[in-house]
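Novice: Make a model of this:
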Amino acid sequence: MPIRWRLTLWFTFVLSGILVISGLVTHTLLQNYLSKEIDDSLNVYSARVHGTLNQHEVPGPLDYSDIHSKLPAVSEFSSPGIYIQLIDKDGSIVVKSKNLGEQELPIDPSLIRMSLAGQVGMKTLAAGDGATVRVMASPLYLQDRTLVLEVGQSLQTLEITMNRVRWALTGGVLAALVLSSLLGYVVVRKTLAPVQQITRTARGIEESSDLGRKVNYHGPGDEVKELATTFDRMIERLELAFQSQKQFIADASHELRTPLTVIKGNLDLMKRNLD
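Specialist: Numbers count the residues shown, from 1 in each chain. Next up, the predicted model:
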């Protein structure tokens, strides 16, 4: 495999790892932030309900219709999808906010037990039709009774948002990889162009035996420049050595021509004498 392809693949591989890791970190941070916003909203509304429904605000015998009228209004603009309901110790829903309509928040037995034991719990529960709801349960003390206050918020908006974020991150990573691969190939090819020039020069010298050819690379003083300069110097030394060899052969031929002529003449004379 050519080195330019290997460099491009390595560049793409490293970049893909960086993009995937950064995408996962972004996804996790965003999901944690939005989840925390939902939990904070549930805490705020739970505190508002506790501030509204207390021993001083609800004196006398418990009247669930009166409690229903005292529930704090839920703003669909600032905190859409907030739902409130009260559950007695038997697990029956006695009060719920108007925006629930005929529906009910899901009831988790473990949350009910925790609230009746005086603890606050929070869970993500299935609400049917594939929907999920984040529910916070806390004990609400009224007169001589302990009720369970459930404040919930639908996670549909969060899930839709995170699904879009996942698609956007995936598309962005793929687009960045394709673009970076193309740009990386172009950059690597341009960077290795002087090396290809040296290769062509060397091949030309091999085919033509012309040691007078040079790379004559003109570029920044980097490793490629050093390689091209070294190659040119090597060719110059080879050319000098070749010229010296040719000169030596020419001088030797000239110096040996006269003795060889004399020897040949003597041999001819000896041959005639022997005949």
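Novice: quick one: average confidence on stretch 199-214?
Specialist: Across stretch 199-214, pLDDT averages out at 68.
Novice: And stretch 83-96, by the same measure?
Specialist: Averaging pLDDT residue by residue across stretch 83-96 gives 85.
Novice: and Ser46, how many neighbours?
Specialist: By other C-beta atoms under 10 Å, 20 other residues sit near Ser46. The C-beta positions use only the backbone N, C-alpha and C, and glycine is treated the same way.
Novice: And for Asp232?
Specialist: Neighbourhood size, Asp232 [other C-beta under 10 Å]: 17.
Novice: now for whichever helix or strand it is part of, which elements pack on it?
Specialist: According to DSSP states H and E, Asp232 maps onto helix 223-274. Identification of packing neighbours for helix 223-274 by 3 or more C-beta pairs under 8 Å, 6 or more residues apart in numbering; DSSP states H and E yields helix 193-208.
Novice: So what's the gap between the helix it packs on and the chain middle?
Specialist: Between the centre of helix 193-208 and the centre of its chain there are 40 Å (C-alpha atoms, centre = their mean, to the nearest Å).
Novice: now for that helix, which elements pack on it?
Specialist: Judged by 3+ C-beta pairs under 8 Å, 6+ apart, helix 193-208 is in contact with helix 223-274.
Novice: Helix 193-208 and the helix it packs on, what's the angle between them?
Specialist: Inter-element angle recorded for helix 223-274 and helix 193-208: 10 degrees (by axes from the mean of the first three to the mean of the last three C-alpha atoms, to 10 degrees).
Novice: So, low pLDDT: which residues of this structure?
Specialist: Residues of the chain meeting the criterion pLDDT under 70: 1-5, 54-64, 66, 73-80, 205-222, 251, 254-255, 273-275.
Novice: Next one: the nearest residue to Gly128 once chain neighbours are set aside relative to Leu140, how far apart?
Specialist: In this structure, Gly128 finds its nearest non-sequential neighbour in Pro106, 7.9 Å apart by C-beta to C-beta, 6 or more residues apart in numbering. Taking C-beta to C-beta, to the nearest Å as the measure, Pro106 falls 18 Å from Leu140.
Novice: same question, Ile249
Specialist: Separation of Ile249 from Leu140 (C-beta to C-beta): 112 Å.
Novice: tally of neighbours for Ile112?
Specialist: Neighbour count of Ile112, defined by other C-beta under 10 Å: 19.
Novice: what distance separates the helix or strand that contains it from the centre of its chain?
Specialist: If you go by DSSP H and E, Ile112 is part of helix 109-116. With C-alpha atoms, centre = their mean as the basis, helix 109-116 stands 42 Å off its chain's centre.
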